[in-house]
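**Q** This is a predicted model, with the sequence first.
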Amino acid sequence: MPARHTRLSPSAVQTALGESLAELRRSLELPESFPPEVVAEAEDIVASGTAVDGSDDERADLRDLPFLTIDPEGSRDLDQAMHIAREGDGFVVHYAIADLAAFVRPGGAIDAEAQRRGQTLYAPDGSVPLHPEVLSHGAASLLPDEDRRACVWRFALDAEGRHGPDDVTLVRAWVHSRGQWAYEGAQAAIDAGTGPETLALLAELGPLRIAQEARRGGASLNAPEEEIVDGPDGYEIQRRALLPVEDWNAQISLMTGMAAADIMLSAGRGIVRTLPPADEESRAEFRRQVALLGRPWPEDLDYGEYLRRLDPADDATPAILQAASALFRGADYVAFLSPDEIPADVEQAAIGAPYAHATAPLRRLVDRYTLRACLGDVDEEVLPRLPEIMRRSSALASRLESGAVDRVEAAVLHRRIGQVLDAVVLSQTKGGSRVQLADPFVTATVPEAVEPGTRIRVRVEATDIATGSVTLSAE
């Protein structure tokens with residue numbers, strides 16, 4: 001029997017997976033720790049108790065507002081906190097973003113290392129953070145029951161969840177979060193009506209913002225997530241559908257990103273996140289594919305509304321979402337230091353408006369510079385270099401994610417060698433068909449050509465944990 005068919009014990013599988021993930025890190029040349037001078041600078045700044053840019057002198061005091069955070073379970077790098085209140089028949093939203101500029105000295109050791117990294121990288125065996133944990137999990141994080149520095153957006157919204165250009169302000173302030181909520185707990189509290197006012201109003205405002213997105217012609221791919229979890233038998237792949245509160249929470253972040261883009265575009269100085277509209281060829285191909293799946297895209301419906309109407313229980317939906325991914329390609333960053341440098345089309349097509357990354361400075365470098373630009377502090381030296389820094393780090397993040405998922409999938413399926421499993425065909429490829437297994441929730445390829453949307457049975461023939469390859473065959 002070939003070596004690749006050799007069955008490993010559960011402990012040997014986990015050992016092989018650990019070695020494979022470690023080798024992936026080495027091959028991508030990921031840093032294992034921060035240089036000593038970076039950690040020392042961060043610790044000194046935190047110990048000083050003062051902002052490196054002198055911003056504390058004019059910082060507003062918003063600690064009386066009962067902010068809260070909503071994040072994945074166990075998160076420590078908390079970028080955003082919100083407070084929502086009723087005002088007339090509308091809403092007032094305060095959205096606090098961690099103020100990293102207060103902790104990062106321009107041109108210092110932390111700044112230089114953050115520019116090298118670009119963003120926090122995530123892997124099953126541990127993250128590679130953008131900033132030292134004394135900042136990202138400590139003094140700069142909007143942890144509960146602590147006074148924290150933040151850039152606070154204020155939105156005055158009408159009964160439909162809309163605001164005008166004069167209804168948005170941004171200040172640097174002190175905030176104090178009253179509670180850290182995980183998505184599951186927040187959703188349960190909303191459903192039971194036992195949560196604080198901010199959660200109850202988020203459940204009202206979130207759908208209104210989704211309706212605004214539909215009116216803009218925006219679209220979202222709300223596909224189930226392929227989530228790696230560390231279970232009792234090692235790493236596992238689970239299917240996780242997004243909770244409504246996650247979508248509502250994301251809408252507040254999107255609203256903020258659009259407001260940030262508007263401010264910078266009006267000033268003629270800043271950086272925005274762009275996505276071109278799908279070209280006619282891609283739209284025609286998507287229309288052809290969904291017609292073949294028996295789920296035609298009506299001519300009088302924009303693709304965002306078509307995607308919103310998909311039934312998660314429909315066998316064809318995974319294949320439709322796979323095909324739709326071709327409509328969301330080409331995202332990039334555009335920096336500009338004068339109105340003359342702004343391209344003709346700076347819209348983020350999936351959102352249906354200009355947009356900027358502005359709500360995750362603990363985990364993404366560009367957000368710190370976006371917030372500074374919105375406050376009128378533009379770094380003319382670094383800003384033009386940010387698009388390339390973010391492209392490079394995003395490419396690295398993609399390689400790490402795909403490589404890690406492949407290796408975990410190979411380890412999970414190693415336990416199933418010889419078994420026949422249920423799957424749905426997502427698409428046809430040059431080498432056969434891309435399929436989504438139901439349990440475990442794994443995406444792989446079979447050599448046979450099968451129509452997308454078809455339910456089939458596949459046999460697990462072999463896996464190679466070291467390379468992340470999986471061999472399946474259709475029954």
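**A** Ah, there it is. If you're wondering where the values come from, they're calculated on a predicted model, not measured in any experiment.
**Q** pLDDT at the closest residue to residue 277 other than its chain neighbours, what is it?
**A** Nearest non-adjacent residue to residue 277, counting by CB to CB, 6 or more residues apart in numbering: residue 349, 4.3 Å away. Every C-beta, even on glycine, is put in place using the N, C-alpha and C of the backbone. Residue 349 is assigned a predicted lDDT (pLDDT) of 91.
**Q** Could you measure from residue 349 over to residue 308?
**A** Counting by CB to CB, to the nearest Å, the gap from residue 349 to residue 308 is 16 Å.
**Q** Look at those two and report which has more neighbours.
**A** residue 349 (21 against 16; other CB atoms under 10 Å).
**Q** got the contact list for that one?
**A** Contact analysis of residue 349 by CB atoms under 8 Å, 6 or more residues apart in numbering lists 275, 276, 277, 278.
**Q** at 10 Å what do you get?
**A** For residue 349, the contact set (CB atoms under 10 Å, 6 or more residues apart in numbering) comprises 217-219, 274-278, 304, 327-328, 330-331, 355.
**Q** What subset of those is buried?
**A** Neighbour counting over the contacts of residue 349 (16 or more other CB atoms under 10 Å) leaves 217, 218, 219, 274, 275, 277, 278, 304, 327, 355 as the buried ones.
**Q** Name the nearest residue to residue 268, sequence neighbours excluded.
**A** Per CB to CB, 6+ apart, closest to residue 268 is residue 339, 3.6 Å.
**Q** per-residue confidence for that neighbour?
**A** 97.
**Q** Any regions of the protein where pLDDT drops low?
**A** 1-6, 222-226 (pLDDT under 70).
**Q** which of the residues in the longest helix seen in it are buried?
**A** Counting by DSSP state H, the longest helix found in the chain is helix 386-414. By neighbour count on 16+ other CB under 10 Å, the buried set for helix 386-414 is 386-387, 389-390, 393-394, 396-397, 400-401, 403-414.
**Q** Same question for stretch 107-122.
**A** So for stretch 107-122, counting by 16+ other CB under 10 Å, buried means 108, 109, 110, 111, 113, 114, 117, 118, 119, 120, 121.
**Q** Provide the count of other residues in contact range of the closest residue in space to residue 474 that isn't next to it in sequence.
**A** Take residue 474 and drop its neighbours on the chain: the residue closest to it by CB to CB, 6+ apart is residue 448, 4.2 Å away. A count of neighbours around residue 448, defined by other CB under 10 Å, yields 16.
**Q** Phi and psi next, for residue 448.
**A** Here is the backbone geometry of residue 448 (degrees, to the nearest 10): phi -80, psi 150.
**Q** Residue 69 versus that one, what's the distance?
**A** Residue 448 is 48 Å from residue 69, by CB to CB.
**Q** What are the buried residues along the longest strand that the chain contains?
**A** Looking across the chain with DSSP state E, the single longest strand is strand 168-182. The neighbour-count check on strand 168-182 (16+ other CB under 10 Å) flags 168, 170, 172, 173, 174, 175, 176, 177, 179, 180, 181 as buried.
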